[in-house]
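Asker: need coordinates for the below:
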Amino acid sequence: MALSSVLRPKTHYKGRPVVRVPDESEQDGSEQDAEIRAENEVLLQVYLLTYQLMHVGRCLMREPDESQISLSTYRERVLKVGARFAQHARNIVIHIAASADAAWEQFWRRYCQLTWITLPMKS
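Answerer: Below is the predicted model of the structure:
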């Protein structure tokens, strides 16, 4: 006797085809599918943007004489650090842990040297 762990609807039961009655959530399948596709597309674009920002950050951390650092190393040195936020008047100040001070100093020095180009919006 073989046991199946796959959760799928039965097509036959005791040799006869099973007639399924769709429930309310399955009746508007095209609208639901379109909503899921749109959500997946947005998530994909957010993940791509996140990867690109992390890639730019790790390229900034690279010394001229060393090889490229991995994304996980960049994340551990720069992003996964202890920090404290303090609000003063209209400013928010970020106090970064002393253990990450050197990495952030290197990152921030190179980040401030970047030139940003803005593209006009298509209308």
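Asker: let me know the next secondary structure element after the lengthiest helix in the chain.
Answerer: If each helix of the chain is counted by residues according to DSSP state H, the longest one is helix 29-61. Scanning the chain past helix 29-61 towards its C-terminal end, the next helix or strand to appear is helix 71-74 (assignment: DSSP states H and E).
Asker: quick check: mean pLDDT of that next one?
Answerer: For helix 71-74, the mean pLDDT works out to 89.
Asker: what of stretch 10-18?
Answerer: Taken as a whole, stretch 10-18 has a mean pLDDT of 81.
Asker: give me the residues contacting it.
Answerer: For stretch 10-18, contacts defined as CB atoms under 8 Å, 6 or more residues apart in numbering pick out P9. All C-beta atoms are positioned from the backbone trio N, CA, C, and that covers glycine.
Asker: then stretch 91-104?
Answerer: Taking CB under 8 Å, 6+ apart as the criterion, the residues outside stretch 91-104 that touch it are 61, 77-78, 81-87.
Asker: for V46, give its distance to I117.
Answerer: In this structure, V46 and I117 are 22 Å apart, going by CB to CB, to the nearest Å.
Asker: neighbour count winner among the two?
Answerer: Set side by side, V46 and I117 show more neighbours around V46, with 10 against 5, by other CB atoms under 10 Å.
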